[in-house]
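Trainee: Sequence first, then the predicted structure:
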Amino acid sequence: MARSPLEIRHLQTLVALADSGSLAKAAERVFVTQSALSHQLKALESHYGAPLFERNTKPLRFTQIGARLVGLAREVLAQLGEAERDIVQRVSGSSGELRIVIECHTCFDWLMPAMDAFREHWPQVELDLVGGFQTEPMTLVEQGLADFAVIHDKPPRRAGIVTEQLFTYETLAILAPDHPLADKPHLTPRDFADETLISYPVDEAMIDVIRHFLAPKGIRPKRRKAELTVAILQLVASRRGIAALPDWSVMPYLERGYVIGKPLGARGLKCELHAAMPESLAGKPYLRDFIAKVRDGVR
């Protein structure tokens, strides 16, 4: 068999494709054009004589051969990251500062484990949260008051700021198990019209279900606000209204049957979280490692 064509960039492409589920999003993550990414994949398929993924599927599905290469890519990139981290720490001492600012209430569910894992690998990097929840996190990055912002949806370009998709998630409708809508396979915008939407106390423009699902159809349900996820779920379970929350934030409650989750629309409501950081820090090894730990934690 001819020499393997696999390079580090190919491994990164495979992982990005597996995590994002689409060619366009994978290309954005690894900073290449979609055409260049497609060329990489076709070259690999030509070398191995078999397709790596099934065409025209959403989300993208890997073949057995593609899945095997993705597994290899994860193993190799993890070992490479560990070696590079060790080298950087030995050479430079790896000192630095990483001040994180977030735009979403539920981010703490995956952010805290990522921060704990990061501290183990980068003990000399000062890690801190800037003032809890923020409504204008990119402004803090621009002003030099934060180094890493977590933002809903892809933000507009700003001079000196690099943005990057972290991961995609699904926002689910959350109902009491005995709610009249509980037997529906999925909820429509109209289902919310006569309901009370229980949400965090933030502007409507920052709530996924309103921005992407209800507002485009002209639906404006009554709102009741609660600060904590557990408080929202308690109100839902008590039939005080319905909610719409990220899948990661409610999974333990769904598994216990405390509440139930339904897709928003027949295809579900897929949303994105992005990171924004100063251009001068975007390539720092410790920052790249933090992004990797965020993605690993939610995969």
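Mentor: That came through fine.
Trainee: For the rest of this, base every contact and every neighbour count on C-alpha atoms.
Mentor: Fine.
Trainee: Now the element after the helix-or-strand element of the chain with minimal mean pLDDT, going C-ward?
Mentor: Least confident element among the helices and strands of the chain, by mean pLDDT, DSSP states H and E: strand 125-133 (a mean of 80). Following strand 125-133 in sequence order, the next helix or strand is helix 137-142 (DSSP states H and E).
Trainee: Show residues contacting that following helix.
Mentor: 101-103, 146-151, 160-161, 276-278 (CA atoms under 8 Å, 6 or more residues apart in numbering).
Trainee: Next, give me the two most distant ones among these.
Mentor: The most widely separated members of the contacts of helix 137-142, counting by CA to CA, are Glu103 and Gly160 (20.0 Å).
Trainee: More neighbours: these two, which one.
Mentor: Glu103 (19 against 11; other CA atoms under 10 Å).
Trainee: picking up where we left off before, looking just at contacts, which helices and strands does the least confident helix or strand of the chain meet?
Mentor: Secondary-structure packing of strand 125-133 (3 or more CA pairs under 8 Å, 6 or more residues apart in numbering; DSSP states H and E): strand 96-102, helix 108-121.
Trainee: Using CSV, lay out the ones you listed together with mean pLDDT.
Mentor: Formatted as CSV, the helices and strands packed on strand 125-133 follow (pLDDT from 0 to 100):
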stretch, mean pLDDT
strand 96-102, 89
helix 108-121, 88
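Trainee: Just put these in a markdown table and tack on mean neighbour count and distance to Glu28.
Mentor: Shown next, in a markdown table, are these (neighbours: other CA atoms under 10 Å; distance: least, CA to CA, whole Å):
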| stretch | mean neighbour count | distance to Glu28 |
| --- | --- | --- |
| strand 96-102 | 20 | 22 |
| helix 108-121 | 15 | 22 |
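Trainee: For Gly21, find the nearest of those.
Mentor: Using CA to CA, those put helix 108-121 closest to Gly21, at 20.0 Å.
Trainee: and the gap between His47 and Leu60?
Mentor: Distance, His47 to Leu60, using CA to CA, to the nearest Å: 21 Å.
Trainee: name the helices or strands packed onto the helix or strand hosting Thr168?
Mentor: Element membership of Thr168 [criterion: DSSP H and E] is strand 161-175. The contact analysis (3+ CA pairs under 8 Å, 6+ apart) places strand 161-175 against helix 8-20, helix 23-29, helix 229-237, strand 243-246, helix 247-256, strand 260-263, strand 269-278, helix 285-298.
Trainee: most neighbours per residue, which of those?
Mentor: strand 243-246 (a mean of 23; mean count of other CA atoms under 10 Å).
Trainee: and Thr63, what is it in contact with?
Mentor: Applying CA under 8 Å, 6+ apart, the residues contacting Thr63 are Pro51, Leu52, Phe53, Glu54.
Trainee: Got a quick ChimeraX command for the buried subset of the residues you listed?
Mentor: To isolate the buried members of the contacts of Thr63 in ChimeraX, using 16 or more other CA atoms under 10 Å:
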select :51,52,53
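Trainee: Now go through the contacts of Thr63 and say which are in strands.
Mentor: Phe53, Glu54 (DSSP state E).
Trainee: from the contacts of Thr63, which is closest to Gln12?
Mentor: For the contacts of Thr63, the nearest to Gln12 is Leu52 (14.7 Å; CA to CA).
Trainee: isn't that closest one right up against Leu60?
Mentor: No: using CA atoms under 8 Å, Leu52 is not in contact with Leu60, being 10.5 Å away.
Trainee: Now for Arg239, how many residues are close by?
Mentor: 15.
Trainee: Assumed it was part of a helix.
Mentor: No: under DSSP: H, G, I helix; E, B strand; the rest coil, Arg239 falls outside any helix and is assigned coil.
Trainee: Leaving aside the residues adjacent along the chain, what's closest to it?
Mentor: If the residues on either side of it in the chain are set aside, Arg239 comes closest to Ala176, at 6.1 Å by CA to CA, 6 or more residues apart in numbering.
Trainee: what do you get for Leu111?
Mentor: Val294 (6.9 Å).
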